[in-house]
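[1] quick one, fold the following:
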Amino acid sequence: MNKKERIIIAMILLVISVMTLVDLITDSREGVSWWHTSVEGGIAVAALFGVFLLMRGTFKLKRTLKDEREFSAKLQEEATVWKEHSKKYLEGLSQSIDLQLNKWKLTKSEKEVAFLLLKGFSLKEIADIRETTEKTARTQSTAVYAKAEISGRSQLAAFFLEDLLLPQE
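    Next up, the predicted model:
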């Protein structure tokens with residue numbers, strides 16, 4: 001339920017509460033039976049409780065959204081710092097990967113596919129990015145694996161990334 005809907009429902013419940021309270025005052029002057037006033041009083045209290053719950057939920061959502069935005073900003077800042085700090089290493093790694101892909105004699109298209117595979121994109125996503133068919137992406141990835149003499153994506157990633165992960169002592 002969005003903010004506008006919450007406010008509309010809260011306003012409707014508030015109007016119901018006010019109208020019911022006005023009716024209770026009128027009924028009490030006319031001497032209406034106790035059970036009738038009790039039921040109407042219960043309705044007014046229930047409507048006010050509904051307003052309270054909706055407003056509490058709205059404020060809780062606002063607080064949560066604020067916290068999530070702050071957390072997201074913090075993560076984005078950390079990612080920016082990490083990228084800046086590791087930029088020269090990533091450039092070196094990228095150049096080293098490119099050199100190896102050249103050694104395997106990959107075509108320009110196969111190199112693009114290899115880089116996208118290493119980034120973790122699916123064949124469908126690769127096809128969309130490169131504006132080709134999924135079959136073409138599959139064929140090119142198979143060519144990459146064959147020229148590199150590896151069996152698939154995990155071995156491709158391991159070939160370049162295995163030595164980056166230091167062994168646990």
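
[2] what helix or strand does the residue nearest to the spatial centre of the chain sit in?
    The residue lying closest to the centre of the chain (C-alpha atoms, centre = their mean) is Ser72, at 10.5 Å. Secondary structure assignment for Ser72, by DSSP states H and E: helix 34-103.

[3] other SSEs contacting that helix?
    Secondary-structure packing of helix 34-103 (3 or more C-beta pairs under 8 Å, 6 or more residues apart in numbering; DSSP states H and E): helix 3-30, helix 108-118, helix 153-161. From N, CA and C alone the C-beta is placed, and that goes for glycine too.

[4] can we see that at 10 Å?
    Secondary-structure packing of helix 34-103 (3 or more C-beta pairs under 10 Å, 6 or more residues apart in numbering; DSSP states H and E): helix 3-30, helix 108-118, helix 134-148, helix 153-161.

[5] now do the longest one: distance to the chain's middle.
    The one in question is helix 3-30. Chain-centre distance of helix 3-30: 39 Å, with C-alpha atoms, centre = their mean, to the nearest Å.

[6] any idea of the mean pLDDT in that helix?
    When pLDDT is averaged along helix 3-30, the result is 86.

[7] how about stretch 155-169?
    Summarised as a single mean, pLDDT over stretch 155-169 is 78.

[8] dump stretch 118-127 to CSV, restricted to CA.
    Below are the C-alpha coordinates for stretch 118-127, written out as CSV (Å, rounded to 0.1, in the frame of the first residue of the first chain):
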residue,chain,number,x,y,z
LEU,A,118,34.2,-13.6,-16.7
LYS,A,119,31.9,-10.8,-15.4
GLY,A,120,29.2,-13.4,-14.7
PHE,A,121,26.7,-12.6,-17.4
SER,A,122,24.4,-15.4,-18.7
LEU,A,123,24.4,-16.3,-22.3
LYS,A,124,21.1,-14.5,-22.7
GLU,A,125,22.4,-11.4,-21.1
ILE,A,126,25.5,-11.6,-23.3
ALA,A,127,23.3,-11.9,-26.4
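
[9] tell me which residues of that stretch are tucked away?
    Leu118, Phe121, Leu123, Ile126, Ala127 (16 or more other C-beta atoms under 10 Å).

[10] the helix holding Ser72: how far from the chain's middle?
    9 Å.
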